[in-house]
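A.B. asks: Quick one, structure for this:
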Amino acid sequence: MPTRNDVARLAGTSPAVVSYVLNDGPRNVSPATREKVLRAVAELGYRPNGVARALRGGRSRTIGLIVPDNSNPFFAALARAVEDAAFARGYAVLLGNSTESAEREQRYLATFLERQVEAIMLISVDGEPELAPAQRVGTPVILLDRQVSGGGSTVVVDNEGGAYEATRHLLDHGHRAVACVSGPVALPGAVERLRGWRTALGEVGAVEVLRSAPYSRTGGYRAGRELLSATPRPTAVFVASEPQAIGVLRAAAELGVAVPDELALVTFDGTEDGEFTNPPLSTVRQPVEQLAARAMDVLLDDAGRRHHVVPFELVLRRSCGCGGHGGGEEGE
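C.D. replies: Reported below is the predicted structural model:
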């Protein structure tokens, strides 16, 4: 790759003058010399070191994003939305996949700080992530989809309200045995969704039937097998994430439990995958575009508010007994 020194030799000037031309200062360069430098740059195909220039200017215009599992459709959709929102504001995104490991999450945090990112957006696998290193160097940390007590601004959907509305909808269908497949109880968001389910059940005095599982298809499948093999069997279930719900659908199919005729189901997340299951999933949709846009607003324009909540949308399809027969039909 050509260097600044190569450009200087071809233009017949010094490397410092090349820097003045490419950085528009700090010293003036004559029009003739500037033209020679730019011609040499074009001939050699020289590209300035953007990282070095950013560090000299004190801004990298780069954001680090850490997700728990980039194979999870919700996290993949959210990462895409963050990238789009950042690109629209002139920022690039570095992506780290923690693979549900708190240790790997911390290593990515350290790596991003070493690379002088302007901010870090984190979907933590830990209810108490260690943010002190970022706070010491003044790098903002924005927590997405997680409300934790470890510091940093948060941008989340209304987890409790969404779970409450989903469960309330099943109760309004006449179900009273409404079970729950919860997420990992160490995560505050999972606890909030569990609280919403419990609040709705408490209003009608229904008995709680609960299984906790990882946010994965396998976790949902195993929890579904347990729930649907029990006696008495629940007639409805609120499932805390879409991958879990897909696992529950497989368990129901294997055990001969028809959805929604024998088991009504509403889940959480609202990715495109839920439109193409059989039956299509009723879901609490998280607006990933709004989450990403609000996170960028917090990064660039935040006036001191630390906790930001965006609204959810309850999308009703056939898995709860609503909707038509087409995969894409939905309503509120």
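
A.B. asks: Quick check: closest non-adjacent residue to residue 116.
C.D. replies: With C-beta to C-beta, 6 or more residues apart in numbering as the criterion, residue 116 has its nearest non-adjacent residue at 5.0 Å, and that residue is residue 60. Bear in mind the C-beta positions are built from the backbone N, C-alpha and C, glycine included.

A.B. asks: I'd say that neighbour and residue 115 touch.
C.D. replies: Yes: with contact defined as C-beta atoms under 8 Å, residue 60 counts as touching residue 115 (7.4 Å).

A.B. asks: Of these two, give the one with the bigger neighbour count.
C.D. replies: A side-by-side neighbour count of residue 60 and residue 115, using other C-beta atoms under 10 Å, places residue 60 first with 20 against 13.

A.B. asks: So that one, which state does it fall into?
C.D. replies: Put simply, residue 60 is coil when judged by DSSP: H, G, I helix; E, B strand; the rest coil.

A.B. asks: How about the one 4 residues further on?
C.D. replies: Here residue 64 is strand, with the state taken from three-state DSSP.

A.B. asks: List the residues that contact it.
C.D. replies: 93, 94, 96, 108, 109, 111, 112, 115, 117, 119, 120, 121 (C-beta atoms under 8 Å, 6 or more residues apart in numbering).

A.B. asks: Just put these in CSV and tack on distance to residue 188 and secondary structure.
C.D. replies: Formatted as CSV, the contacts of residue 64 follow (distance: C-beta to C-beta, whole Å; DSSP: H, G, I helix; E, B strand; the rest coil):
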residue, distance to residue 188, secondary structure
93, 24, strand
94, 25, strand
96, 21, strand
108, 20, helix
109, 19, helix
111, 25, helix
112, 23, helix
115, 28, coil
117, 25, coil
119, 21, strand
120, 19, strand
121, 17, strand
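
A.B. asks: Would you list the buried entries among those residues?
C.D. replies: 93, 94, 96, 108, 109, 112, 117, 119, 120, 121 (16 or more other C-beta atoms under 10 Å).

A.B. asks: Excluding chain neighbours, what is closest to residue 307?
C.D. replies: According to C-beta to C-beta, 6+ apart, the nearest residue to residue 307 is residue 154 (5.0 Å).

A.B. asks: now residue 240
C.D. replies: residue 183 (4.4 Å).

A.B. asks: what about the one you found, how many neighbours?
C.D. replies: By other C-beta under 10 Å, 25 other residues sit near residue 183.

A.B. asks: try residue 89
C.D. replies: 13.

A.B. asks: How about it: what's its closest non-neighbour residue?
C.D. replies: Closest residue to residue 89 apart from its sequence neighbours, by C-beta to C-beta, 6+ apart: residue 296 at 5.7 Å.

A.B. asks: same check, this time on residue 300
C.D. replies: Closest to residue 300 by C-beta to C-beta, 6+ apart is residue 89, at 6.6 Å.

A.B. asks: Check residue 229 too.
C.D. replies: Nearest residue to residue 229, sequence neighbours excluded (C-beta to C-beta, 6+ apart): residue 255, at 6.8 Å.

A.B. asks: My guess is the one you found contacts residue 225. True?
C.D. replies: Yes: counting by C-beta under 8 Å, residue 225 is a contact partner of residue 255 at 7.2 Å.

A.B. asks: More neighbours: those two, which one.
C.D. replies: Neighbour tally, residue 255 and residue 225, criterion other C-beta under 10 Å: the higher count belongs to residue 225, 18 against 15.
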